[in-house]
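Colleague: mind folding the following:
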Amino acid sequence: MVTINANPDDLFQELVEKTKYLGDVKGKLLEAYQTASKYHAGQKRESGEDYITHPLSVANILAELETDLPTLQAAILHDTLEDTPLKEEELKEKFGLEVLSIVQGVTKLSKVQFRSSKEQQLENTRKMLLAMASDIRVVLIKLADRLHNMRSVEVFRKDKQKRIATDTMEIFVPLASRLGIYRIKWELEDLSFRYLEPEVYYDLSKQVALKRSEREKLVQQVMEELSEYLKNNDIKCEISGRAKNLYSIYKKMEAEKKGLDEVFDLHAVRVLVDDISTCYKVLGIVHSIWKPLPGRIKDYIAVPKSNGYQSLHTTVIGPWGNPVEIQIRTHQMHDDAEYGIAAHWRYKEGKIQFSPDYNQKLSWLRQLLEWQREIKPSDEFVEMVKTDLFSDEVLVFTPKGDIINLPVGATPVDFAYRIHTNVGHSCIGAKVNGQIVQLSYKLQTGDRVQILTSKHINGPSRDWLKFVVAHSTKERIRSWFRKQTEEEQPKQKDEPEPVKAPPKPRKLPKFGKGSPMISVKGIDNVPLMLARCCNPIYGDPIVGYITRGRGISIHRVNCQNLAQLKKDSERILEAEWIKSDLIRAYVVNISTTVENKPGVLAKLSSVISEEGVNIQMAKATPVDTQRSRVMFAIEVTSIKELQDLISRLERVPEVKKVVRH
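Modeller: Residues are numbered from 1 along each chain as shown. Have a look, this model is predicted:
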């Protein structure tokens, strides 16, 4: 942490101490400090401090990330071109073209913050985002600049504090996350939280403080036990405990509708080892000591986050029955998580040396440049960045195994346009995990997606705008239609015929159109829908219920809701299934109560797969320390297929009960 209210010389000495990783660079840093001091002489900050303390504090923050020398020199000088008489020629002569270029980049972005005009704010935000693609160091300085400003934002009026905090939370926090610089992200989150929700912030701070000693005792016990086991297995490691930042605790409480007493992983135990294979060995040892909570094992090593974050996470039932999160990663992965993109270059012998995967880590920046060419209005561009780059995401695979990150709720159409605009324009269908799905199917992390295309680019359907999520997808679809003249504009089309996917809403065809599979006594040419409350499938005893304006809903005879519906007995109709060559897939929810044993989820999934049944969703929740409940959403074609599957599942030794919902 940078010292606040220190005098400039103390801050400079801190900087010298922190930059020993660069060798002897005190003279070059001193020249930048003296130049900045000369030109900022007499200037004050809102807090009353000498202005020079600000660029020195920014440089100190960047030194903690072990950035290169030109970045540190530029940080010290970053406000000189805009706020002082220093000329570009003099700066270039003293410090070289590279430092000048970085300072110029920062200067162009210097008016990004605190603008009252929404239009100007959007345009400035656009400029800042695009500056990343030319030199990432410009934005690293802006992040450090914002962090130091947030540390001293209390000097402003409350309305300005909230405006700055909102700006920070919407742009700078997700930007730090995208760059993988978690230490800056967490502090920016907590500082923004403090000014956006002050009462909640201080109340939660007090509650967490009261529980701190109890949690630290638990973490210490876990660390000691784990250290002993790993030592006995000849595994070299570093073990430490980390308290989660306040805002992440608040988000967890909000998302899960829980009080602080119900949130157990306020602290995490972190294990650092030398290589990836040892990570998995440690995970096995952890699970041999403490039972893992079902559904809480996350392998970010095999499937990294889009910002490159890699680690194994597991939550176990630790000492005294308390859940504890344990994170396992290599030292290099830890550096990546701490320093983010800055961990992928080093300054040696006057040159920046990039790691082999540096370009891959910044592949998402190239997306910004592509959007810049396509999207002109600033509000659309900034909205696209917030939606497509800064939102929660799912990670899916191409047929070749490449990882594509998309916003949560994204569909195969979003995937197609992320691959290439022409792939989207020629898309006629999609397969997910080898199964044909609707184009409106919501992709899940881990899905393998294959886009089916036509030989000719026929263009998108306007209907796609009803379900696509990515702002960039919507813009490309709209752009297609904008470019068509009234005469050339393609007719609106339905989903292409070649793709016969089981419709997710499962709306049945109208009588007289297609091949109906249900007959309702005395009714013809009326739309039918399968009721979601009981999810009838082919072969179930069924009845029809006349809804108000939505056609007839089909229920199972033993549907719990039917007792209430039968009060309007005149709206209940006899119905039966009709034999048909058309094979349909029906979504059914089943729950299995199982013993908590390693590999049980994989065993259940294997049985379902062997029966040729597709799994749409699987979710495990603990019942108690001995049992868990695993919910599956599966696709079957008939009641017989479901009954056969349930019979197979009941024969699995760990399964205690199987129930259809």
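
Colleague: can you pull the pLDDT of Lys491?
Modeller: pLDDT, Lys491: 45.

Colleague: Leu293 now?
Modeller: We note a pLDDT of 87 for Leu293 in this prediction.

Colleague: what sits against it?
Modeller: By CB atoms under 8 Å, 6 or more residues apart in numbering, Leu293 lies in contact with Thr315, Val316, Ile317, Pro323, Pro622. For the C-beta atoms, the positions are set from N, CA and C on the backbone; glycine is no exception.

Colleague: one more time with 10 Å, if that's ok
Modeller: Shown here is Leu293, whose contacts under the criterion CB atoms under 10 Å, 6 or more residues apart in numbering are 264-265, 314-317, 323-325, 596, 620-622, 625, 628.

Colleague: between those residues, which is nearest Leu452?
Modeller: Comparing the contacts of Leu293 against Leu452 with CB to CB picks out Ala620 as the nearest, at 32.9 Å.

Colleague: wasn't that closest one part of a helix?
Modeller: No - under DSSP: H, G, I helix; E, B strand; the rest coil, Ala620 sits outside any helix and is assigned strand.

Colleague: following the lowest-mean-pLDDT helix or strand in the chain, which helix or strand shows up next?
Modeller: The helix or strand of the chain with the poorest confidence is strand 507-508; it has a mean of 40 (mean pLDDT, DSSP states H and E). Using DSSP states H and E, the helix or strand that follows strand 507-508 in sequence is strand 518-520.

Colleague: partners of that following strand in the sheet?
Modeller: Strand 518-520 has these partner strands in its sheet, going by DSSP bridges: strand 572-577 (antiparallel).

Colleague: how far does the following helix or strand past the strand it pairs with sit from the chain's center?
Modeller: Following the chain from strand 572-577 toward its C-terminal end, the next helix or strand by DSSP H and E is strand 586-595. Averaging C-alpha positions (CA atoms, centre = their mean, to the nearest Å) puts strand 586-595 28 Å from its chain's average.

Colleague: pull out the buried positions in strand 586-595.
Modeller: Within strand 586-595, the residues that qualify as buried by neighbour count (16 or more other CB atoms under 10 Å) are Tyr586, Val587, Val588, Ile590, Ser591, Thr592, Val594.

Colleague: distance of the third one from Asn535?
Modeller: Look at Val588 and Asn535: by CB to CB, to the nearest Å, they are 5 Å apart.

Colleague: between the two, which contacts overlap?
Modeller: Residues within reach of Val588 and of Asn535 at once, by CB under 10 Å, 6+ apart, are Ala633, Arg660, His661.

Colleague: did I read that right, the first one in a strand?
Modeller: Meaning Ala633. Yes - the assignment for Ala633 is a strand, going by three-state DSSP.

Colleague: what's around it, how many residues?
Modeller: Burial of Ala633, expressed as a neighbour count using other CB atoms under 10 Å, amounts to 16.

Colleague: my read: Arg532 touches Ser553, true?
Modeller: Yes - using CB atoms under 10 Å, Arg532 makes contact with Ser553 at a distance of 8.8 Å.

Colleague: which of the two has more neighbours?
Modeller: Taking other CB under 10 Å, Arg532 and Ser553 do not tie; Ser553 has more neighbours (22 against 10).

Colleague: double-check that the more buried one belongs to a strand.
Modeller: Yes - under three-state DSSP, Ser553 falls within a strand.

Colleague: correct me if wrong: it contacts Ile518.
Modeller: No - with contact defined as CB under 10 Å, Ser553 does not reach Ile518; the gap is 11.2 Å.

Colleague: joint contacts of these two?
Modeller: Shared contacts of Ser553 and Ile518, defined by CB under 10 Å, 6+ apart, comprise Leu528, Leu530, Pro536, Gly544.

Colleague: pLDDT value on the first one, please?
Modeller: pLDDT, the model's per-residue confidence, is 81 for Leu528.

Colleague: and the residue lying closest to Glu611 once chain neighbours are set aside, what is it in contact with?
Modeller: With CB to CB, 6 or more residues apart in numbering as the criterion, Glu611 has its nearest non-adjacent residue at 4.9 Å, and that residue is Leu645. The neighbours of Leu645, taking CB under 10 Å, 6+ apart as the test, are Val588, Ile590, Val607, Ile608, Glu610, Glu611, Gly612, Val613, Phe632, Ile634, Val636, Val658.

Colleague: of those - the most surrounded one?
Modeller: Comparing the contacts of Leu645 by number of neighbours (other CB under 10 Å), Val636 comes first, having 24 neighbours.

Colleague: got a list of what it touches?
Modeller: Here Val636 is in contact with 537-539, 584-588, 590, 611-614, 642-645 (CB under 10 Å, 6+ apart).

Colleague: how about the closest residue to it other than its chain neighbours, secondary structure?
Modeller: For Val636, the nearest residue in space outside its immediate sequence neighbours is Leu642; the separation is 4.7 Å by CB to CB, 6+ apart. For Leu642, the secondary structure call by three-state DSSP comes out as helix.

Colleague: pretty sure Leu642 contacts Tyr586?
Modeller: Yes - in this structure Leu642 lies within contact range of Tyr586 using CB under 10 Å: 8.6 Å.

Colleague: just to revisit the earlier point, and the contacts of Leu645, which is closest to Lys231?
Modeller: Proximity to Lys231 was ranked across the contacts of Leu645 by CB to CB; first place goes to Val607, at 39.8 Å.

Colleague: thinking again about what came up before, separation between the residue nearest to Val636 and Pro319?
Modeller: When distance is defined by CB to CB, Leu642 is 43 Å away from Pro319.

Colleague: which of these two has more neighbours?
Modeller: Between Leu642 and Pro319, Leu642 has the larger neighbour count (other CB under 10 Å), namely 22 against 15.

Colleague: the biggest helix by length in the chain - contacts with which helices or strands?
Modeller: Of all segments of type helix in the chain, defined using DSSP state H, the longest is helix 198-232. If you count contacts as 3 or more CB pairs under 10 Å, 6 or more residues apart in numbering; DSSP states H and E, helix 198-232 packs onto helix 158-167, helix 182-196, strand 238-243, helix 246-256, strand 267-273, helix 276-289, strand 323-330.
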